[in-house]
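[1] Any chance you could fold what I've pasted below:
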Amino acid sequence: MTRLTLRHYILVALSVFVLFLPGRAAMPPLDRDEPRYMEATAQMLHSGNYVDVRFLDQPRYLQPAGIYWLEAAAVRLTGMEDSHAVWPYRIPSLLAVTAAAVLTAWIGAALFGPTCGLLAAALLAVSVLMTAEGRMATIDTTLLLSVLLVQCGLLRAYLDRERDLATPLAAALLYWTALGCGLMLKGPVVLVPGFGTPLALALVERRIDWWHRLRPAWGWLLMLAIVLPWCIAIGVISHGDFFSRAVGHNFLGKVASGQETHGLPPGYHLAVFAIAFWPGSIFAAMSLPFIWARRFEPHVRYLLCWIIPHWLVFEAIATKLPHYVLPTYPAIAILTAAAIVSFSGQWEWPRALWARGLLAAYGLIWFTLGSVLAFAGPVLLWRMEGVLSPAALLIPIGALPLLVLSGYLILHRDALYAAMAAIAAAVIIHVGLFSTVIPRLQTIWLSPRLAALVDAHRPCARNTVVASTSNSEPSLVFLLGETTRLIGPDAAADFLQQDQKCGLALVGTRDLETFTARAQHDGLEIRELGQQTGLNYSTGKYLTIGLYAAGKP
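    Take a look at the predicted model:
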């Protein structure tokens with residue numbers, strides 16, 4: 001095979017699309033970020049206000065409106081505006097992860113050949129971080145797609161310089177348009193790889209003449225034309241509050257201090273790489289000698305200039321979450337795949353004893369992580385639900401032999417077939433977890449069960465309003481609707497007093513005494529309609545929450 005054809009790219013797209021389908025509809029909204037995006041999008045659809053993004057009655061000034069527009073379009077096209085179904089909101093992430101794999105295959109094939117492109121797409125698609133982000137209605141896979149489109153424009157100009165060819169106008173249009181779309185998704189974050197890559201190349205190569213191939217004289221105007229109209233509109237509507245919050249608090253605040261208890265020291269992203277890029281992480285570690293030896297080659301240098309600036313920036317900022325370095329994973333996958341293909345079955349252990357020891361230890365960690373992932377499904381179902389699931393047992397039965405085979409092939413220097421075995425094991429684990437395990441973990445899905453309890457006892461078909469005192473998770477708000485009130489137990493009792501016909505209250509055991517005392521003070525009789533017990537996995541606490549209405553028991 002000398003090059004990838006349209007048929008190959010279609011095969012990659014279909015494979016990744018099918019891989020990311022399991023669990024997409026069955027898995028409830030995942031607290032806390034995903035349902036915030038969902039509910040804000042739902043309110044955007046109901047209000048018809050596509051500029052001022054809100055969650056309940058509060059402005060959601062964290063990033064521009066691009067992701068909400070994408071999710072709103074998906075929901076509207078599926079005709080699910082009045083439903084609390086989660087899968088329409090996850091369509092943009094599904095399409096983005098599919099396109100990201102295709103573009104990774106294209107870049108890999110352009111730099112190192114077709115086999116590298118296909119292997120890189122597979123390593124990216126089955127990585128743990130990509131598997132998680134690609135199934136949620138959050139911003140990160142769509143941002144990744146924007147970054148990949150930016151890199152496609154950059155790479156075309158860079159390769160044309162190497163080949164002494166003219167760069168087509170389309171490459172410049174792609175680059176600046178993708179930057180504009182990235183700005184509409186997550187603000188200045190896209191500029192880190194978008195400008196960081198050419199800047200790093202300029203510093204390393206001491207030349208930047210190829211940059212003019214991207215028509216920067218007018219390209220920046222195209223970029224601003226995409227984002228500026230919305231910026232002006234939100235600036236007027238919010239009286240500048242959006243920029244003070246989104247840029248001053250959310251963006252710059254993450255640089256200076258760890259927000260939402262996510263402050264961690266430098267080195268965090270490197271430490272979690274073993275699991276975040278699993279199963280490709282061991283092969284990435286094995287590829288380091290290959291990368292170092294070829295660091296001055298143009299193709300390797302380009303990918304390193306893609307990875308290193310972005311990685312260093314997000315290791316330096318105080319707030320750290322695993323997905324912050326996701327835009328570097330395609331480049332890492334390509335370099336890893338290039339090294340594997342170059343080994344041609346003759347991979348060698350490092351000569352230095354310390355390097356062998358480190359790699360052996362990393363391999364042991366890699367195998368342990370894979371084993372834990374393989375057994376996680378049946379163990380969780382048994383411990384949390386008391387269920388011994390034959391379907392879940394198929395996960396370790398299918399995956400563990402492939403992991404053992406992969407380890408055996410690594411020891412016998414066959415890196416390509418070892419990677420293929422590891423990828424197959426990852427597919428079994430991910431599909432099994434999202435199709436047979438995670439949707440059945442009822443203990444952790446407290447919000448969906450509370451929403452079902454409310455639906456079973458709605459006093460007013462359309463006008464029921466629910467107050468919640470002990471569960472303020474965004475998933476509950478999304479499932480119950482934008483009229484949900486997150487208030488204290490005293491206020492919940494007052495609320496039932498004021499709306500005895502259509503009001504309901506969700507009250508946990510810790511708030512029940514205060515709630516009933518206030519109800520008695522108001523002269524209100526209350527009755528319990530049912531209760532649910534479960535684990536709030538966001539806080540790690542078990543909760544027992546009852547549903548109450550006005551009236552005699």
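[2] my read is Glu528 is in a helix, agree?
    No. Counting by DSSP: H, G, I helix; E, B strand; the rest coil, Glu528 falls outside a helix, being strand.
[3] wait, it sits on Pro553?
    Yes. Checked against CB atoms under 8 Å, the pair Glu528 and Pro553 is within contact range at 7.3 Å. Placement of C-beta: from N, CA and C, glycine included.
[4] Which one's more surrounded, the two?
    Higher neighbour count among Glu528 and Pro553: Glu528, with 12 against 6, using other CB atoms under 10 Å.
[5] Now do the contacts for that one.
    Each residue near Glu528 by CB atoms under 8 Å, 6 or more residues apart in numbering is listed here: Gly546, Leu547, Tyr548, Pro553.
[6] Just give the closest residue to Val388, not the sequence neighbours.
    Heads up, residue 388 is Leu, not Val. Spatial nearest neighbour of Leu388, excluding adjacent residues (CB to CB, 6 or more residues apart in numbering): Trp382 at 5.8 Å.
[7] can you check Thr167 too?
    Arg213 (3.8 Å).
[8] Next one: the one you found, what pLDDT does it get?
    On pLDDT, Arg213 comes in at 95.
[9] Could I get the phi/psi values of the residue nearest to Gln531 when sequence neighbours are not counted?
    Sequence neighbours aside, Gly546 is the residue nearest to Gln531 in space, at 4.0 Å (criterion: CB to CB, 6+ apart). As for Gly546, its main-chain torsions (degrees, to the nearest 10) stand at phi -100, psi 150.
[10] Near Gly546, how many other residues are there?
    Gly546 has 22 neighbours, counted by other CB under 10 Å.
[11] which residues does it contact?
    Gly546 makes contacts with Leu506, Val507, Gly508, Thr509, Leu512, Glu528, Leu529, Gly530, Gln531, as judged by CB under 8 Å, 6+ apart.
[12] isn't Pro330 right next to Trp106, touching?
    No. Judged on CB under 8 Å, Pro330 makes no contact with Trp106 at a distance of 10.3 Å.
[13] Compare these two (neighbour count), which wins?
    Taking other CB under 10 Å, Pro330 and Trp106 do not tie; Pro330 has more neighbours (28 against 20).
[14] Can you give me the buried ones in the one helix or strand Leu11 maps to?
    Under the criterion of DSSP states H and E, Leu11 resides in helix 6-19. Buried positions in helix 6-19, judged by neighbour count with 16 or more other CB atoms under 10 Å: His8, Tyr9, Val12, Ala13, Ser15, Val16, Leu19.
[15] coming back round to it: let me know how buried the residue nearest to Leu388 is, in neighbour terms.
    Trp382 has 14 neighbours, counted by other CB under 10 Å.
[16] what's the pLDDT at it?
    On the pLDDT scale, Trp382 is placed at 95.
[17] likewise Gly240?
    Note on Gly240: pLDDT of 88.
[18] One more: His262?
    pLDDT, His262: 50.
[19] What's the mean pLDDT across the host helix or strand of Leu203?
    According to DSSP H and E, Leu203 maps onto helix 191-205. Helix 191-205 carries an average pLDDT of 96.
[20] tell me, how many neighbours does Arg295 end up with?
    Using other CB under 10 Å, Arg295 has 11 neighbouring residues.
[21] Next: Asp164.
    Asp164 has 6 neighbours, counted by other CB under 10 Å.
[22] what's the distance between it and Pro309?
    Separation of Asp164 from Pro309 (CB to CB, to the nearest Å) stands at 27 Å.
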